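**Q** Pasting a predicted model and its sequence here:
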Amino acid sequence: MFDNHSHTQYSGDIPMGQGNSVRELCIAAIEKGLDGIAITDHFDIDGIFDGYFPPLDHKSIASDIASAREEFNGKLKLLHGIELGQATHMPDESTAQLNSQPYDIVLGSVHAVRGIIDFADTDIAGMSKNEYVRLWEQYIEEMLNTIEWGNFDVLTHITYPKRYYLANGITDFPDIKCKSREYFEPILKAVINKGITLECNTSGLRQQMGECLPNEDILRFYYELGGRDVTIGSDAHKAIHLGANFAEATEMLRSIGFDKLAKFESRKKDFYNL
């Protein structure tokens, strides 16, 4: 099995000295029995260009991946990826970055909308209900814009803001349990039409949400709409979390009807049996 979403010490959201090296992630992946992992460090392009986040050390990441590929050849498939956040905020710069490295996989994320740095750093609790409802609506709009832009392979953690609504004590909105199909029907249809892979992100199972991002109902709705193109990622920011909760997530995916998962190399998609 492939873990297509992981982060190293170079990711700007990991405090100095608390992340793992590429080599350490590879060792952990082999110990956990994974067939391959993708190194997909954060590149939230507007936040980096505006100086909110440290610049990503692309040269060191590429060098470390090359060294690890040589060391672990035949033991682990190591993919060079990137998690590109808010690409449509700076589309020319985003395209230039993607052309600058021989990426195997590009994750498309929306961690923020225009006017905020990241949902993780936003005082949602200090907003009125009208304000945080509008923020959610803006998130859906910007995710649709990202899909339309389309120069990425996998759409990640589509219920991402819910994590931070909960962290700010807002438990009644957005109502993912009852209204997920209403919220995400345009997103799911757009992903299917574009041929973009939908991520089943297991990070929520080890956090307050207690469910994958997206949850089972959204994944069932995606399947009902004709979607069959999924991948799985732990969103690990520590080696210990590589492949975390994959058994639970794959059992859920099988129960829905999925029988294969997507993997990537040189940005070409292939599938393997679930």
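**A** Happy to help now that I have it.
**Q** Identify the residues contacting Ser63.
**A** Residues counted as contacts of Ser63 (CB atoms under 8 Å, 6 or more residues apart in numbering): none. To be clear about C-beta, it is placed using only N, CA and C from the backbone, and glycine gets the same treatment.
**Q** same thing but at 10 Å, please
**A** For Ser63, the contacting residues are Val22, Asp57, by CB atoms under 10 Å, 6 or more residues apart in numbering.
**Q** Tell me which helix or strand it sits in.
**A** Using DSSP states H and E, Ser63 sits within helix 58-71.
**Q** what's downstream of that helix, the next helix or strand?
**A** Next element after helix 58-71 (DSSP H and E): strand 77-85.
**Q** Helix 58-71 and that following strand, what's the angle between them?
**A** Strand 77-85 and helix 58-71 are oriented at 160 degrees to each other (axes from the mean of the first three to the mean of the last three CA atoms, to 10 degrees).
**Q** Tell me which helix or strand comes right after strand 77-85.
**A** Strand 77-85 is succeeded, C-terminally, by helix 91-100 (DSSP H and E).
**Q** Run the chain-centre distance for that following helix.
**A** 19 Å (CA atoms, centre = their mean, to the nearest Å).
**Q** what's the angle from the helix holding Ser63 to helix 91-100?
**A** 30 degrees.
**Q** Which residues are in contact with the closest residue to Trp149 other than its chain neighbours?
**A** Sequence neighbours aside, Thr88 is the residue nearest to Trp149 in space, at 5.1 Å (criterion: CB to CB, 6 or more residues apart in numbering). Counting by CB under 10 Å, 6+ apart, Thr88 touches 45-46, 94, 108, 110, 114, 142-149, 151.
**Q** likewise Tyr139?
**A** Applying CB under 10 Å, 6+ apart to Tyr139 gives the contacts 110-113, 116, 119, 158-162, 174, 183.
**Q** any idea how far it is from Val133?
**A** Distance, Tyr139 to Val133, by CB to CB, to the nearest Å: 11 Å.
**Q** Kindly report the same for Ala68.
**A** Distance, Ala68 to Val133, by CB to CB: 45 Å.
**Q** Comparing these two, which residue is more hemmed in?
**A** Higher neighbour count among Ala68 and Val133: Ala68, with 21 against 13, using other CB atoms under 10 Å.
**Q** okay but that one is in contact with Leu25, surely?
**A** Yes: using CB atoms under 10 Å, Ala68 is in contact with Leu25, at 8.3 Å.
**Q** Need the overlap of contacts for these two.
**A** In contact with both Ala68 and Leu25: Ile37, Ile39, Leu76, Leu78, using CB under 10 Å, 6+ apart.
**Q** can you count the residues close to the third one?
**A** Per other CB under 10 Å, the neighbour tally for Leu76 reads 18.
**Q** can you pull the buried residues of the lowest-mean-pLDDT helix or strand in the chain?
**A** Across the helices and strands of the chain, mean confidence by mean pLDDT, DSSP states H and E is lowest for helix 45-49: a mean of 93. Across helix 45-49, burial judged by 16 or more other CB atoms under 10 Å covers Ile45, Asp46, Gly47, Ile48.
**Q** Likewise for stretch 73-93?
**A** Across stretch 73-93, burial judged by 16+ other CB under 10 Å covers 76-90.
**Q** can you confirm Thr231 is in a helix?
**A** No: secondary structure of Thr231 (DSSP: H, G, I helix; E, B strand; the rest coil): strand, not part of a helix.
**Q** what pLDDT does it get?
**A** Listed pLDDT for Thr231 reads 98.
**Q** doesn't Ile105 make contact with it?
**A** Yes: if you go by CB under 10 Å, Thr231 and Ile105 touch, sitting 8.7 Å apart.
**Q** and for those two, which residues touch both?
**A** Phe2, Asn4, His5, Ala38, Asp153, Val154, Thr197, Ala262, Lys263, Phe264, Lys269.
**Q** picking that back up, can you name the residues in contact with the least confident helix or strand of the chain?
**A** Helix 45-49 has contacts (CB under 10 Å, 6+ apart) with 12-13, 42, 52-56, 84-91, 93-94, 96-97, 111-112, 114, 117-118, 121.
**Q** starting at the chain centroid, how far to it?
**A** 17 Å.
**Q** Would you state the helices of the chain in chain order?
**A** Under the criterion DSSP state H, the chain contains helices at 22-31, 45-49, 58-71, 91-100, 129-149, 160-167, 176-194, 216-224, 246-256.
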